[in-house]
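K.L.:
Predicted model and sequence below, questions to follow.
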Amino acid sequence: MSFFIPESYPMRRTWIPETPWSARRPIGMLPPVKESLTPGRRKFRTLAWSVLVFNVMVVLGGAIVRATGSGDGCGESWPLCTDRLIPANPGLETVIEFSHRVTSGLAILGVVTLFVFAVRLYEKGHRVRNGAAASLALLLFESVLGALLIVFSWVDQDASIGRMIVVPIHLLNTYILVGALTLTAWWSSGNPGPTKPIDARMKRSLAFGAVGLLVIGAVGALNALADSLYPAESFLSGVTEEFSADAPWLLQVRVFHPLIAIAVGLGVAYLVMRLAPTATSRTKRLGAAVGVLIVVQLFIGLVNVMLAAPLETQVIHLATADAIWIVYLMFGASLLGEQAPAELPVERVA
Ligand code: HEM
């Protein structure tokens, strides 16, 4: 017996726009169709993931510069270090700051290379090319912010209002840069972009989660600055200083980061849990990873405070924050790239 679909049958069935996301749950999602990559694009994919990893390492290097108070290790000269291309007889602070400058330079080179190859390999308007262009713009802005910190001497023990404004902006820009690099690497791996139409509720939930993570990070950056400027001897002395009437402003607001992180972090985990059931198993795994990383991060944060934020836990805390952000974006991109069966073209069987 043959079965056929008449000519008049619509080839592409679409959602009824008002259908809420939850109503589509029982249908489930189909695995996204991966683009097959040419040899050139395969090399680009390796480059994109390597540039992302290298940039995260540079970000962690920046935290070491801050936590060790090495920000003026090169003096006020920029981009030179102690007025030289390579500092002579450097002390530890100079070595730390100089290494950060060299690795930041290499990161710029990596992102420029990424952009150049994206232009060569992808047509205008392609999401990979746009991602690489955004990464380059954000990295250049990042360098300007880094240079501002040096030129205005917003380093070491400086507690000026200018530094308190630029430090969270610097962290936000870093997050967005890491995000642009993550999406460039993700899409260059053949993963599809968002399939249309995008469910408004899903888009809103993902955006809320992203903004939540950015807010936690920006407030955390102020805590990191407070810990560098007013290091506590112990957990107890830290808490006592925080609640004393004449405590500096940065110490008084230190309590907000853990509170915001617990409320918003668990909120983001909940949003991911709500979105994941409709997804394919790969996206579900990414969602589960976000949830686990958030819970682990809450414990790391607690340990950080209990130990009065030593360098090691500061770096682990920041690395985990970056990991949450990267996996969250991969989760979102994967979810938005999935195709629901009702959206797929209907096969005709003669
Ligand atoms: C989802 C959960 C969390 C995220 C994403 C997060 C993220 C961050 C980020 C991005 C920073 C700035 C690091 C830097 O610039 O070097 C930071 C700093 C800090 N956070 Fe969190 N945090 C979380 C939870 C917590 C919790 C629950 C606590 C305490 C109970 C905590 C304590 C601290 C402390 C003490 C600092 C300053 C010292 C440092 O840099 O490590 N965090 N956090």
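P.N.:
Arrived safely.

K.L.:
residues touching the nearest residue to residue 256 once chain neighbours are set aside, list them.
P.N.:
The spatial neighbour of residue 256 that comes closest, neighbours along the chain excluded (Cβ to Cβ, 6 or more residues apart in numbering), is residue 219 at 5.8 Å. The way it works is simple: take the backbone N, C-alpha and C, and place the C-beta from them, glycine included. Residue 219 sits next to 168, 256, 257, 260, 261 when contact means Cβ atoms under 8 Å, 6 or more residues apart in numbering.

K.L.:
Can you turn the buried part of the residues you listed into a ChimeraX selection?
P.N.:
A single ChimeraX command selects the buried members of those (16 or more other Cβ atoms under 10 Å):
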select :168,257,260,261
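
K.L.:
from the contacts of residue 219, which single one is nearest residue 36?
P.N.:
residue 261 (41.4 Å; Cβ to Cβ).

K.L.:
Tabulate the CA atom coordinates of the lowest-mean-pLDDT helix or strand in the chain in PDB.
P.N.:
Lowest on mean pLDDT, DSSP states H and E among the helices and strands of the chain sits helix 235-243, with a mean of 86. Extracted as PDB, the C-alpha positions of helix 235-243 are listed here (Å, rounded to 0.1, in the frame of the first residue of the first chain):
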ATOM      1  CA  PHE A 235      37.300  34.400  58.500                       C
ATOM      2  CA  LEU A 236      36.300  35.900  61.900                       C
ATOM      3  CA  SER A 237      38.400  39.100  61.500                       C
ATOM      4  CA  GLY A 238      37.000  39.500  58.000                       C
ATOM      5  CA  VAL A 239      33.400  39.300  59.200                       C
ATOM      6  CA  THR A 240      34.100  41.700  62.200                       C
ATOM      7  CA  GLU A 241      35.700  44.200  59.800                       C
ATOM      8  CA  GLU A 242      32.800  44.000  57.400                       C
ATOM      9  CA  PHE A 243      30.200  44.900  60.000                       C
END
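
K.L.:
Buried residues, that helix. List them.
P.N.:
Within helix 235-243, judged by 16+ other Cβ under 10 Å, the buried ones are 238, 241, 242.
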